[in-house]
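1. generate coordinates for the sequence data below:
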Amino acid sequence: MRIPAVATVEPSARNSTESESHSVTTQSASVPLLLLQILCKIDKLTAAQAAAFTDKIEDYYKINMILDNLPAARVTIYQTQDGEQTTFYKRGIYVGFKANVQDAAIDGEDEIKYFLNNHLRFNILYHRDGATDLSRIVGFEVEAFSVQHKYEKPWDPKKPVLDTCNPGRMIAVSNSQTPQAVEEGAEVIFTYDVRFTASDIRWASRWDTYLKMTDVEIHWFSILNSLMIVLFLTGMVAMIMLRTLYRDIAKYNALDSQEDPTEESGWKLVHGDVFRPPQKGSLLATYVGIGVQLISMLVVTLLFALLGFLSPASRGALMTASVVTYVLMGGIAGYAAARLYKAFRGEQWKQMTLRTAFLFPGVLFGTFFVLDLMLWGEKSSGAVPFGTLALLCFLWFGVSVPLVFVGSFYGFKQLAPEDPVRTNKIPRQIPQQPWYMHPAVCCVLGGILPFGAVFIELFFILTSVWMHRFYYLFGFLALVFVILGLTCAEISIVLCYFQLCSEDYNWWWRSYLISGSSAFYLFVYSIYYFCMNLDITKIVPMLLYFVYMAMFSYGFFCVCGTIGFLACWVFVHKIYSAIKID
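-> Next up is the predicted model:
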């Protein structure tokens, strides 16, 4: 068996060295087998090497490995409130650690010293199948030690004999031995040992330990609490809106039967302007198309995840599925944008289609490419290879862009949607609005509720991404996504109704921005999360975090804004088709 080599990575990047091993043969299932291997020996650490190790330890660099598609895991024992002990896995092994050491040279004062984890113990769990008498790997546990190795001199490069770790003498590395300090001129020997342990875990359930959560009760309580609050508000607002609208529609139809137009008030007064095309309608149609493409991608990806096709055992499956699904949804984006642009009576559909195909992916790809250049400059293992970037360009230009044009062509070819009321030739003057109906105030207030519906789940997502933890609660995520959609639609409809009652018919852009403004709160929360949970001090990782979160907030803006706009589109068409207009 070959054990993967050690690779250091940044906390914000991932790297792994794979080792293919699918079966284990042992002589005894009751006694663990111990194998010792000496990797290499550094005679004297140079100042540059010591400084590099110190920086990696200070920045909490981790070692990530994979064996038989299982990531290396540190074992953590968690005690529940009932007193039961449960085993949890945490990914990665720290390069080293720092500690306060009393220094006699400076009057016994404590001094911070750095120690290197130069010995790894691999505990490979296997399960023997009684029917076939074959064994399969079901666990990959790693324990790190810092030990200042002693050996019999002179050093024999071919057959070195260690005094601190020698299976023949029944000597194993332990935490009681002198740790390996990181100092200029220090001699460092890197070693590892391997143990095979029989386990009752079956191969089909070997990922269960990785996917355990220590805060399940808090998670359930938070999700259910958020769900109950949002459902209560939705039901309450829905009843108010339905009763108010029915009363308004009945009143307006009664006034029409009395032939007394002077008594009209509220949202019926703007029936001749409510469907007047907005300013920069081409850009609005573009953003609606972008949002429809992102929503379609999220729905399809979540569906596959709920069906179990995107297991953590398939590394990169979630990201690959998201990218491929986004590319294939280009036709839906082009069709939606073209249909809306046709409703605006627009004629320059080709320019609108180009903007739909290149605006959002162009911003993301350009930003990602610049960040990748920075990672290349830092010689980070997290930099995306040029081949992958070329493949992304091919998917963008070779698949997504043509699909957007095809969808736009068929969407623009169809007849424009018919408005339920006629639009006047001369725009109606909008009366002065109260301060609370100002667009900025509506956006600030409107974005709170959608963000409040998702911020708890957002914490778990950010923890999964930036603290290298597995996220497999797609059922919760789907539920939160539904709550988010309902909340965005609800708040946009309510504020749109108030706006129309104030005789302001410029609802198009505002309906998009009201629910989309929740992205602002998301980015503010990401700043709070950075300050409270992350320990990133260097410029490039810090820049990576905030730029990635800005990109995520941009996509969140398009998704929420599109949901709010489409809800208002249906709402406005429904209420104006229900009244009698001469």
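
2. contacts only, for T87.
-> Residues counted as contacts of T87 (C-beta atoms under 8 Å, 6 or more residues apart in numbering) are 75-78, 209. Heads up, the C-betas are built off the backbone N, CA and C, glycines and all.

3. among the residues you listed, name the buried ones.
-> Buried by 16 or more other C-beta atoms under 10 Å: T209, out of these.

4. hmm, which of the contacts of T87 is lowest in pLDDT?
-> Lowest pLDDT among the contacts of T87: Y78, with 72.

5. shaky segments in the stretch 51-200 of the chain?
-> Residue ranges of the stretch 51-200 of the chain with pLDDT under 70: 79-83, 102-109.

6. in it, what residue spans correspond to strands?
-> Ranges of strands in the stretch 51-200 of the chain, per DSSP state E, counting those that start in this stretch, are 62-63, 65-67, 70-71, 73-79, 85-91, 93-94, 96-103, 109-116, 119-128, 135-145, 188-198.

7. partner strands of the last one, with direction?
-> Strand partners for strand 188-198, identified by DSSP bridges, are recorded as strand 33-42 (antiparallel), strand 119-128 (parallel).

8. repeat for the first one
-> Using DSSP bridges, the neighbouring strands of strand 62-63 in the sheet come out as strand 8-9 (antiparallel), strand 93-94 (antiparallel).

9. re earlier: dump the strands of the stretch 51-200 of the chain to TSV, plus distance to T320.
-> Shown next, in TSV, are the strands of the stretch 51-200 of the chain (distance: least, C-beta to C-beta, whole Å):
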stretch	distance to T320
strand 62-63	24
strand 65-67	17
strand 70-71	18
strand 73-79	24
strand 85-91	20
strand 93-94	27
strand 96-103	34
strand 109-116	36
strand 119-128	29
strand 135-145	23
strand 188-198	32
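
10. tell me which of the ones you listed lies nearest to V441.
-> With C-beta to C-beta as the measure, strand 85-91 is the member of these nearest V441 (45.1 Å).

11. in that closest one, what's buried?
-> Residues 88-89, 91 are the ones in strand 85-91 that count as buried (16+ other C-beta under 10 Å).

12. which of those lies closest to I290?
-> Using C-beta to C-beta, R91 comes nearest to I290 of the buried residues of strand 85-91, at 34.2 Å.

13. report the beta-bridge partner residues of that closest one.
-> A73.

14. ok, now which ones touch it?
-> Taking C-beta under 8 Å, 6+ apart as the test, what R91 contacts is 62, 64, 71-74, 210, 468-470.

15. against A305, how distant is S322?
-> Separation of S322 from A305 (C-beta to C-beta, to the nearest Å) stands at 10 Å.

16. higher neighbour count, those two?
-> It is A305, of S322 and A305, that has more neighbours when counted by other C-beta atoms under 10 Å, with 21 against 18.

17. which residue sits closest to R136, ignoring its sequence neighbours?
-> Using C-beta to C-beta, 6 or more residues apart in numbering and skipping the chain neighbours, the partner closest in space to R136 is W203 (4.6 Å).

18. neighbours around the one you found, how many?
-> 14.

19. so it sits right up against L134, yeah?
-> No - counting by C-beta atoms under 8 Å, W203 stays clear of L134, with 10.4 Å between them.

20. ok, the residue nearest to R136 to M549 distance?
-> The gap separating W203 from M549 is 38 Å, by C-beta to C-beta.

21. which element is F565 on?
-> Per DSSP states H and E: F565 is located in helix 539-577.

22. for M297, same thing?
-> Short version, using DSSP H and E: M297 is in helix 281-306.

23. state the mean pLDDT of that helix.
-> For helix 281-306, mean pLDDT is 94.

24. mind listing what's buried along stretch 129-145?
-> When neighbours are counted by 16+ other C-beta under 10 Å, the buried residues of stretch 129-145 are found to be 135-145.

25. closest to R121 among those?
-> Using C-beta to C-beta, the buried residues of stretch 129-145 come closest to R121 at E143, 4.4 Å.

26. the closest one contacts N123, correct?
-> Yes - using C-beta under 8 Å, E143 is in contact with N123, at 7.1 Å.

27. okay, stretch 480-493 in CSV with CA atoms only?
-> Taking C-alpha atoms only, stretch 480-493 is exported to CSV below (Å, rounded to 0.1, in the frame of the first residue of the first chain):
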residue,chain,number,x,y,z
VAL,A,480,-35.1,27.5,2.8
PHE,A,481,-35.0,28.1,-0.9
VAL,A,482,-38.8,27.7,-1.1
ILE,A,483,-39.2,30.0,2.0
LEU,A,484,-36.9,32.6,0.3
GLY,A,485,-39.0,32.5,-2.9
LEU,A,486,-42.3,33.0,-1.0
THR,A,487,-40.8,35.8,1.1
CYS,A,488,-39.4,37.7,-1.9
ALA,A,489,-42.7,37.4,-3.8
GLU,A,490,-44.7,38.4,-0.8
ILE,A,491,-42.7,41.5,0.2
SER,A,492,-42.5,42.7,-3.5
ILE,A,493,-46.2,42.3,-4.0
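
28. centre of the chain to that stretch, how far?
-> Its chain's average C-alpha position is 20 Å from that of stretch 480-493, according to C-alpha atoms, centre = their mean, to the nearest Å.

29. repeat that for stretch 552-561.
-> Its chain's C-alpha centre and that of stretch 552-561 lie 13 Å apart, by C-alpha atoms, centre = their mean.

30. contacts for that stretch?
-> If you take C-beta under 8 Å, 6+ apart as the criterion, stretch 552-561 is touched by 287, 290-291, 294-295, 298, 360, 363-364, 450, 484, 488, 512-513, 515-520, 522-523, 526.

31. buried subset of these, written for PyMOL?
-> Buried members of those, defined by 16+ other C-beta under 10 Å, are picked up in PyMOL with:
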select buried, resi 287+290+291+294+295+298+360+364+450+484+488+512+513+515+516+517+518+519+520+522+523+526
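
32. which ones among the contacts of stretch 552-561 are found in helices?
-> If you go by DSSP state H, those have 287, 290-291, 294-295, 298, 360, 363-364, 450, 484, 488, 512-513, 515-516, 518-520, 522-523, 526 in helices.

33. helix, strand or coil: sort out G382 for me.
-> Three-state assignment for G382 (DSSP: H, G, I helix; E, B strand; the rest coil): coil.

34. could you check the pLDDT of it?
-> If you check G382, the pLDDT there is 77.

35. number of nearby residues for the residue nearest to S322 when sequence neighbours are not counted?
-> Leaving aside its sequence neighbours, S322 sits nearest to T301 (C-beta to C-beta, 6+ apart; 5.2 Å). By the criterion of other C-beta under 10 Å, T301 has 21 neighbours.
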